[in-house]
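1. Quick check, what structure comes out for this input:
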Amino acid sequence: MLDQNALSQLKSLKQEIHDSTPRFQGRVRATSGRFGFVNTDDGQQFFLSPDEMDKVLPGDVIEFRVETTSEGKQQGVIEKLISTELDDFFGRYLVRGKGHFVEPDHGSMNRWIFVPPAKRQGCADGDLVYARMSQHPFPKGRAQAVIEQRIGAANEKGIEHSYMLQKFGLSAEFSEAVNAEVQALSEQGLTELLAQREDFTHLPFVTIDSAGTRDLDDALYAEAHSQGWTLWVAVADPAAVIAPGSAIDQAAQARGTSVYFPQQMLPMLPTELSEQLCSLNEDEERAALVIELRLADSGQIDSTHLFRGRIRSRGKLTYNQVAQLIAGEEADISAELHGHLLHLSSCAQALSQYRQQHCLVMEERPDYKLLFDEEGQIRDIVQVERNEAHRLVEECMLAANRAVADWLASQQQGIYISHAGIRTERLGEVTSLLKEHLALPQKPQLQELDQYIEHLQTAAKHEGELPLRTIISRQLERSLISTEDAPHFGLGFQRYTTATSPLRKYNDLLVHRLIAALLQQQEATLPEAEVLQHIQQQQMLARSAANQTEHWLKLRWLAQQPEDATFEATLVHMNASNFTVRLNDTGVEGMIDRRKQRKEWTFDTKTLSHYKDDQRFILGQTVRVRVHQLDADRRQLQFALA
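-> Here you go, the predicted structure:
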């Protein structure tokens, strides 16, 4: 038995060891496995073992010490939970024997959370639920949750949409205050407003869109001259009727964008505005931002003029109708519009040629149309190729948006969409890739827009084995909405904005407000950075919600296909552990696990390819695959090479 002096020495020694052990604060980052990492503010990263990860949740801020394992590796040991941010979550209810759990629908939370008997709300195995964390797992690793809401069973009709609405906090409903303002605007009408705007009703504008589109926010008209064209783009102007700070405006800002689900559209603005009062409907006078572009034969924009105008569309045309006319086929379009549409087509071709020569053109991908049965499930998926009318409208919208950005820059006040090009951490390998495969005397300066355009155009024409342009396209930054006048490297434009979808995107509506103030020589107020960040976040969430819903429905369709079916697919992304492939006929995407092949195969981070001896997998390559594992309700799909 130790005497008091020995105990005191032992206590002192323990304190010295404790004080000499490095301690840090950091944020927990989960992985697809059971282990994780903790990242400190100064950029250090430490490993967290599965046992340690059981004690925390993704995003937790913790205090931890660093210990060295028997293998000589450093790892974190959690000592204190400072804060947690994961309070509630969505997921699937699981019953395993007497145990009831929620499997979170969370990309970095791969554990089941126990639900105590009194907190289960009568849920059954497989139900989709909204839950709240009632007991944090620190320090013993025993997390618990309570069920706040049962959303529905996995096989209920329309569950894919209703679940995603809940998960992403989306709604098709507007408040009573919004509805009251909408009714007042509808009753007021546009007569007084239109009388104050410049008259363009003599120009035979037409809208070109899908047959079912009802929120028509752009109309086109072009005239040919001896040395070019005049292109008019008229854009619906909801900013003319929606007052800043009104209930409608606040609702639109909160939503940020319209959301396009496979079988449902959630409008940013009430349909009384987006499909009626502000929509550029056929034979109706409407308020519009009119963009007049003078174009040279080369497709260069020589001048831009903006007007607060009023127009009257002469026709609601579909892409197929216009494509048939351009191809010289019989088209159900009024004869008086034929000449104008052919001028419009020639104008768009010149714009396209200019972009091919001076800017960057994205690789075209096919669209896919989902055909549904009475139960709301996919019965077939058909590929829809883009036609000349799609390209015509795209070129006109790009030209209008680019011209508006230049006009705003000339006014020294603008809202822009910038794109910084290649991610900073990938820049070194991309420049090495281009230097090597394009036989350049030195590494290209890809932070300079002119060099970036030049080298990516050359990469697109490169006839070697590797698809250089595709490789680079997988290593780009995301675009950013801001008030900074900066280039858009992705499109190869000196600057860019979007003003052509104000019925569907709130940043476009803000651009209209800014233009109106500048045209009237009024004081213009730029939005705060936080507002633009919120809009960008909402637009990302909207895309995620729609994409996850579509993927879920596609996987349910795929599950009904013959078990021995094989599919032609394209390799669209790769990393050291897996491939991502897209089925060519349906657009369904899934993973191919390559972890077992890592001993024999090498992943080249510069070319994003896998190789072994003279065998190689590269981006854009066509492969044949079969379904290996498929769980539609978890939205998980794994292919195997066939």
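2. residues near residue 597, how many?
-> Residues near residue 597, counting by other CB atoms under 10 Å, number 14. C-beta coordinates here come from the backbone N, C-alpha and C atoms, glycine included.
3. Contact partners for it?
-> residue 610 (CB atoms under 8 Å, 6 or more residues apart in numbering).
4. swap in residue 473?
-> 362, 363.
5. so what pLDDT did it get?
-> pLDDT recorded at residue 473 is 93.
6. Then residue 476?
-> 95.
7. do residue 15 as well
-> Per the predicted model, pLDDT is 58 at residue 15.
8. again, but for residue 8
-> pLDDT, residue 8: 65.
9. So what's the residue count around residue 626?
-> 13.
10. Leaving aside the residues adjacent along the chain, what's closest to it?
-> Counting by CB to CB, 6 or more residues apart in numbering, residue 642 is the residue found nearest to residue 626 once chain neighbours are left out, at 4.4 Å.
11. Over to residue 146?
-> residue 119 (3.8 Å).
12. Which helix or strand contains residue 379?
-> Secondary structure from DSSP states H and E places residue 379 in strand 378-384.
13. Note down every partner strand of that strand and its orientation.
-> Strand pairing for strand 378-384, using DSSP bridges, gives strand 367-372 (antiparallel).
14. who's in contact with the partner strand?
-> 262-263, 378-386, 550, 553-554, 586-587.
15. Now do the helix or strand hosting residue 591: distance to the chain's middle.
-> According to DSSP H and E, residue 591 maps onto strand 589-593. Chain-centre distance of strand 589-593: 20 Å, with CA atoms, centre = their mean, to the nearest Å.
16. thinking again about what came up before, can you say which two of the contacts of strand 367-372 are spatially most distant?
-> 379 and 386 (23.8 Å; CB to CB).
17. which strand residues sit across from the closest residue to residue 64 other than its chain neighbours in the sheet?
-> Among residues not flanking residue 64 along the chain, residue 76 sits closest, at 4.2 Å (CB to CB, 6+ apart). Taking DSSP bridges as the rule, residue 76 bridges to residue 66.
18. List the residues that contact residue 76.
-> 24, 26, 38, 46, 47, 48, 52, 64, 65, 66.
19. Counting neighbours, which of those residues end up buried?
-> Applying 16 or more other CB atoms under 10 Å to the contacts of residue 76, the neighbour count classes 24, 26, 38, 46, 47, 48, 52, 64, 66 as buried.
20. Quick check: of these, which lies closest to residue 634?
-> Relative to residue 634, the closest of those is residue 48; by CB to CB it sits at 24.7 Å.
21. Relative to residue 35, how far out is the closest one?
-> Separation of residue 48 from residue 35 (CB to CB, to the nearest Å): 6 Å.
22. Helices of the stretch 301-450 of the chain, start to end?
-> Assigned by DSSP state H, counting those that start in this stretch, the stretch 301-450 of the chain shows helices spanning 319-326, 335-358, 388-411, 427-437, 449-461.
23. And for the residue nearest to residue 146, the neighbour number?
-> When neighbours are counted by other CB under 10 Å, residue 119 comes out with 17.
24. Please look at it and residue 145 and confirm they touch.
-> Yes - if you go by CB atoms under 8 Å, residue 119 and residue 145 touch, sitting 7.4 Å apart.
25. which neighbours do the two share?
-> Going by CB under 8 Å, 6+ apart, residues that sit against residue 119 and also against residue 145 are residue 134.
26. circling back to that earlier point, give me the contacts around the strand holding residue 591.
-> 551, 572, 577-583, 625, 627-628, 637-641.
27. Mind checking which of the residues you listed are buried?
-> 551, 572, 578, 579, 580, 581, 583, 625, 627, 637, 639.
28. Take the residues you listed and lay them out in a markdown table including distance to residue 334.
-> Shown next, in a markdown table, are the buried ones among the contacts of strand 589-593 (distance: CB to CB, whole Å):
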| residue | distance to residue 334 |
| --- | --- |
| 551 | 41 |
| 572 | 43 |
| 578 | 53 |
| 579 | 51 |
| 580 | 47 |
| 581 | 46 |
| 583 | 41 |
| 625 | 48 |
| 627 | 50 |
| 637 | 47 |
| 639 | 49 |
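29. Any idea what residue 292 is bridged to?
-> As for beta bridges, residue 292 partners with residue 232, residue 305 under DSSP bridges.
30. which one of the buried ones among the contacts of strand 589-593 is nearest residue 210?
-> Distance to residue 210 across these (CB to CB) is lowest for residue 551, with 21.7 Å.
31. how close does the closest one get to residue 587?
-> 10 Å.
32. So which of the contacts of residue 76 belong to helices?
-> The helices, defined by DSSP state H, take in residue 52 from the contacts of residue 76.
33. Can you add distance to residue 253 and give the contacts of residue 76 back as JSON lines?
-> Output for the contacts of residue 76, formatted as JSON lines (distance: CB to CB, whole Å):
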{"residue": "24", "distance to residue 253": "40"}
{"residue": "26", "distance to residue 253": "35"}
{"residue": "38", "distance to residue 253": "36"}
{"residue": "46", "distance to residue 253": "40"}
{"residue": "47", "distance to residue 253": "42"}
{"residue": "48", "distance to residue 253": "39"}
{"residue": "52", "distance to residue 253": "42"}
{"residue": "64", "distance to residue 253": "40"}
{"residue": "65", "distance to residue 253": "45"}
{"residue": "66", "distance to residue 253": "45"}
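34. Show the subsequent helix or strand relative to the longest helix along the chain.
-> Taking DSSP H as the criterion, the chain has its longest helix at helix 529-559. Downstream of helix 529-559, the next assigned helix or strand under DSSP H and E is strand 566-574.
35. was I right about residue 492 contacting residue 454?
-> No - with contacts counted by CB under 8 Å, residue 492 stays clear of residue 454, the gap being 9.8 Å.
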